[in-house]
Every structure is written in structure tokens, then in C-alpha cells.
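Q: from the sequence below, what's the structure:
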Amino acid sequence: LVVSICIFTMIRLLLFLLAASYHAIAEELGTCEWNDQSCYQDPHLKEIQVTLGENKKDTFLAYVTPDVSTFYQEEPGSRTSVESTFSGQCGKFINISPYDVRVYWSPGSNREDVYTAEIAPFESAATASFPSHRFIVKKKHDLTINVEEWTIVKGQLLYVHDPIENGSMQLSDLKKDELALYTLQKDNLRFSEQYKMATGRDYLSTYPLRPRPLHPQWPADYFGQMHHFATRETHFVELPPDEKLQRLKPQAKHEPILRSYREQDEFLNMTLKVLSCAPRVFEIQNFLSKTEIDHIMKIATGSTLHESSTKAGIHGESRNDASTRTSKNTWVKRGQSPIIDTIYRRAADLMHLDEAYLRQRQDHEMPHLPSKTSNAEQLQLVHYDKGQQYTPHHDFAMPSLGAGQPMRFATILFYLNEGMEGGETTFPRWRNAEDSSELKVIPEVGKAILFYNLLPDGNPDDLSQHAAKPVRKGEKWLINLWTWDPRFKF
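A: So this is what the prediction gives:
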């Protein structure tokens with residue numbers, strides 16, 4: 001017993017030390033003002049005291065969403081938030097057991113159960129769902145027995161399979177390492193209860209593994225708020241010949257490449273406009289030039305598009321779901337061409353990040369980061385034909401229990417065409433005091449949309465749920481760029 005307690009204590013200490021190292025980095029980068037252009041600590045981060053059991057106390061900086069009245073530059077309490085007509089929400093499924101489970105959505109009416117996710121021991125998965133939806137949990141190696149059933153409740157995001165709690169197992173049945181992970185998840189649930197009391201929302205990350213984001217976030221204080229930034233990555237206005245558009249290895253540089261084919265101003269000045277404060281959504285007009293779009297579309301014509309897929313967690317399989325996502329896509333590497341490399345660099349300036357975040361780094365670059373791997377995914381080139389859509393979903397997925405809890409931090413959508421009927425990007429759960437319907441963003445050539453998938457305290461933002469509305473006439477082209485924090489892991 002003494003040996004077991006010692007091993008358990010050592011594992012817990014290791015987990016806390018790993019998380020603390022990430023906290024230290026976030027603290028270092030998160031103590032200056034936004035106008036320093038290097039870091040920013042949100043003023044709505046409030047310190048809360050948490051108690052996890054005897055001699056287990058901690059403080060945590062939790063993000064408390066501002067009063068909706070401030071979104072209109074009015075005194076708090078002068079307005080109340082309207083309830084969205086859309087009732088969807090995230091459902092996080094936590095498997096606090098030593099065996100793999102599979103989760104199925106039960107649609108009822110004698111219809112067959114629908115596979116949703118596979119969850120490894122002491123791990124989790126998430127899906128977009130609705131109140132009253134029913135889910136069934138089965139052991140992976142014995143699908144004949146239901147070990148848990150959940151019914152989604154409005155405002156409740158966490159659903160737990162705990163065989164110790166339901167009496168089907170004893171705590172003594174767990175091995176030493178399993179006991180440590182079980183205790184971690186139970187502490188996380190206790191933390192979530194206190195976090196929800198302070199913020200009004202469930203905690204979708206895993207405490208204490210998930211630190212505050214390393215990357216800064218633009219403030220979204222009120223509707224229509226404007227932010228400005230300048231980039232040396234000016235627009236291409238003439239397409240270089242093919243021999244100058246060969247693949248390259250992205251690396252640090254001092255001067256924009258192929259300067260003679262660009263606008264000749266030293267800087268490109270751009271403006272972000274706040275469309276939503278919760279979630280934080282920004283619009284940037286004319287982010288891409290017509291020449292850059294023509295180049296991307298030329299890449300598209302030479303690529304094979306595949307059916308888009310969805311995934312509920314890191315341990316499950318990607319699947320094609322025609323009821324959820326019906327577009328086609330392909331992937332474009334940063335080194336595909338100098339123009340694609342330029343788009344990444346301009347996007348880094350938009351997010352106030354060193355461009356090295358968005359590529360493989362050399363040993364001497366950014367030694368404070370936990371990995372040399374790029375924090376950005378390849379560009380996803382997406383095509384929607386008539387009738388195709390992507391129903392409301394989140395871009396984040398539940399990470400493994402590794403330190404840092406790497407997740408998608410920010411999403412940028414770049415629109416490549418316009419004039420279609422339908423095809424809007426919508427945020428059905430945006431907080432406001434006037435309109436219960438979804439926030440609609442109409443595709444326009446060259447426009448970009450930036451939104452954050454994580455809150456300033458590191459918790460995934462459930463309100464970042466968004467959709468691509470069905471295209472009723474014409475077609476829709478866009479590219480996505482996802483940036484991860486604190487590192488990329490998929």
C-alpha cells in the first residue's frame with residue numbers, strides 16, 4: 001500500500017510539474033499589454049480558488065464572459081442576452097475506466113444506433129449534439145452489453161462513464177497507473193464544478209494539464225470594434241512564371257520574395273472588424289488578392305478532391321458522414337509555392353505570431369516552445385457544390401492526457417469566390433441582446449474570417465460552434481488554416 005501511494009504521488013507530481021512548465025511559459029508571454037505586440041493577458045481572467053480534496057488547493061485564472069451590455073458599449077446590466085433559436089451544444093464523453101468503450105447515438109423509432117466515437121481508457125471524446133439526444137456506451141470488446149446511457153441535458157456538457165461510481169468495479173480493481181489516471185479525472189471533474197460556478201460553463205479541458213494559450217488573442221470588446229495591423233507580405237498583383245513558383249522549404253527571411261510581382265508599397269495595411277464578441281469572430285476584407293486566388297484555384301484544378309470527414313476524438317476513426325459534412329477537400333503544404341508561403345506569413349502577422357510558429361523550426365528558433373514541429377496544419381482547400389454543407393460543429397477535438405493538452409487554437413477561413421446563393425458561414429450561438437437567429441458571414445472574394453476555438457484561460461469555447469450553410473445555387477470555394485496551441489498534435 002505504501003509503495004502504491006508513493007508511485008501514485010510521483011505520477012501526480014510529474015503531471016503537475018509538466019503542466020506547471022506550460023503555465024510558466026504562458027505566464028512569461030501573458031503579462032504584457034496588447035500594444036506590446038508580443039503578448040496579452042485578457043482583463044476578464046479572474047482568479048478563483050479551487051479545492052480538490054484534503055490538502056489539494058490551487059488558484060486558477062478563469063475567463064469570465066463580459067456582460068452582454070458591454071458588447072454595445074453600454075453599462076453592465078442595461079441589456080440581457082437573447083436566447084438563440086439554435087439549441088445545439090458540445091457533449092464531452094469521459095471514459096473513467098480501464099477498458100476501451102464505444103459510444104453510439106441512439107436515434108430511436110427503431111432506427112439503428114449510429115457509431116459516434118471510440119474512447120481509450122481514462123480518455124475522452126466530444127461531439128456536437130442537442131438536448132434529449134440519447135447515447136449508449138458499450139465495451140469495445142463486448143458490444144452486446146450497454147455499460148452506460150446518457151441523455152443530453154441543456155447546458156450540461158460533461159458525461160462520464162465511471163464503473164467505480166456505478167458499482168460495477170471496485171477501486172481496488174485498478175492497477176497503480178490506472179488509479180493515478182482515475183484520480184486525475186475525478187479531480188478534473190471536481191475542478192469543473194467549481195469552474196462552472198465561477199464562469200457559468202463546463203470545463204472541457206483537463207485540469208491541471210491544459211495551460212492558458214501561449215498565443216495572443218485579439219480583443220473583441222464590442223460589436224464593430226476595429227483593429228489594424230501592417231504586414232510586409234504585400235499582395236501579389238501579377239502571377240510569376242511557373243519556374244518561379246516551384247516548391248520551397250519555408251525558412252526565416254528578411255525580405256518578401258518575388259517583390260517585383262507584388263504591390264510596391266512597403267507595407268500592406270489591413271483591418272479586423274469584430275463581428276462577434278462571444279465567440280470572438282473577426283472579418284478582414286481583401287486579405288487575398290485576385291492573383292493569389294487565381295494561383296490557389298490553379299492548384300485546385302491539379303489536385304484530387306476527397307470527401308470531407310469528421311472525427312470525435314483522437315482515438316477514433318475519421319468517418320464520412322453525409323448527414324453532417326458533404327463537401328470535398330484536399331491539402332496544400334506551405335512549401336507548395338512562394339505564394340502559399342506568403343499567405344502563411346501574412347496569416348502569422350494577422351495573428352500577431354512569428355511566422356516560425358507556422359513551419360518546422362530549427363534548433364535555435366523559439367527554444368521556449370515544447371516542439372520544433374509547425375503549430376499550423378496544411379491549408380485545407382474545400383469545395384462545396386450545390387446542396388452541400390457542413391452542419392454546426394466545433395473545430396476543436398478532445399486531446400489526449402499528455403501535458404499541454406494541444407488543441408486547435410484559431411481558425412482562419414479564406415473565401416475564394418462569391419455570388420453563390422447560400423453557403424454562408426454561420427455562428428448560431430453568438431451572444432447578443434437583439435437577435436436570436438444565427439450570425440451569418442457572406443462569402444466575398446478575398447475576405448478572411450478569424451475566430452478562436454479556445455478561450456483566454458485555455459478552455460475550448462463551446463460558442464465557437466459554426467456551420468457552412470447549404471449552397472442553393474452555384475458553388476463555394478475556400479481554404480482553412482488551423483493553428484494549434486501549445487503544439488500541433490493530430
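Q: buried sites along stretch 215-234?
A: Residues 215-220, 223, 225, 227, 229, 231-234 are the ones in stretch 215-234 that count as buried (16 or more other CB atoms under 10 Å). Using the backbone N, CA and C atoms, a C-beta is placed for each residue, glycine as well.
Q: what's the answer for stretch 385-402, then?
A: Neighbour counts over stretch 385-402 (16+ other CB under 10 Å) mark 388-401 as buried.
Q: what about those residues, which are in helices?
A: Using DSSP state H, no member of these falls within helices.
Q: now, which of those residues sits nearest residue 57?
A: residue 401 (22.2 Å; CB to CB).
Q: nearest to residue 241, of the buried residues of stretch 385-402?
A: Distance to residue 241, by CB to CB, is smallest for residue 388 among the buried residues of stretch 385-402, at 35.1 Å.
Q: show me the shaky parts of the stretch 301-450 of the chain.
A: For the stretch 301-450 of the chain, residues meeting the criterion pLDDT under 70 lie at 308-325.
Q: and the strands in it?
A: Under the criterion DSSP state E, counting those that start in this stretch, the stretch 301-450 of the chain contains strands at 306-307, 328-332, 379-384, 390-393, 407-415, 421-422, 425-427, 439-441, 448-452.
Q: the ones you listed into CSV, with extra columns for distance to residue 173?
A: Formatted as CSV, the strands of the stretch 301-450 of the chain follow (distance: least, CB to CB, whole Å):
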stretch, distance to residue 173
strand 306-307, 43
strand 328-332, 44
strand 379-384, 44
strand 390-393, 37
strand 407-415, 32
strand 421-422, 54
strand 425-427, 45
strand 439-441, 49
strand 448-452, 42
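Q: these: which one's closest to residue 161?
A: When the strands of the stretch 301-450 of the chain are ranked by proximity to residue 161, the top entry is strand 407-415, at 22.3 Å, counting by CB to CB.
Q: figure out how far the closest one is from the centre of its chain.
A: The chain centre lies 8 Å from the centre of strand 407-415; the measure is CA atoms, centre = their mean, to the nearest Å.
Q: and if you look at stretch 430-443?
A: Relative to the chain's own centre, stretch 430-443 is displaced by 20 Å; criterion: CA atoms, centre = their mean.
Q: CA atoms of it as CSV?
A: In CSV, the C-alpha atoms belonging to stretch 430-443 read as follows (Å, rounded to 0.1, in the frame of the first residue of the first chain):
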residue,chain,number,x,y,z
TRP,A,430,-23.2,34.1,-30.7
ARG,A,431,-24.1,36.1,-27.6
ASN,A,432,-26.0,39.3,-28.3
ALA,A,433,-29.0,41.2,-26.9
GLU,A,434,-31.1,41.8,-30.1
ASP,A,435,-31.2,38.8,-32.4
SER,A,436,-31.9,35.1,-31.6
SER,A,437,-31.0,33.9,-35.1
GLU,A,438,-27.6,32.9,-36.3
LEU,A,439,-24.8,35.3,-37.2
LYS,A,440,-24.2,35.0,-40.9
VAL,A,441,-21.0,35.7,-42.8
ILE,A,442,-21.5,36.0,-46.5
PRO,A,443,-18.5,34.8,-48.7
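Q: buried stuff in that stretch?
A: 430-432, 438-439, 441, 443.
Q: straight-line length of stretch 77-93, end to end?
A: Taking CA to CA, to the nearest Å, stretch 77-93 runs 35 Å from one end to the other.
Q: which parts of that stretch are buried?
A: Buried, per 16+ other CB under 10 Å, within stretch 77-93: 79, 81, 84, 86, 88-93.
Q: can you put these in TSV and add pLDDT and distance to residue 451?
A: Below are the buried residues of stretch 77-93 laid out as TSV (pLDDT from 0 to 100; distance: CB to CB, whole Å):
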residue	pLDDT	distance to residue 451
79	98	23
81	97	19
84	97	17
86	97	17
88	97	17
89	98	17
90	97	15
91	98	21
92	98	20
93	98	25
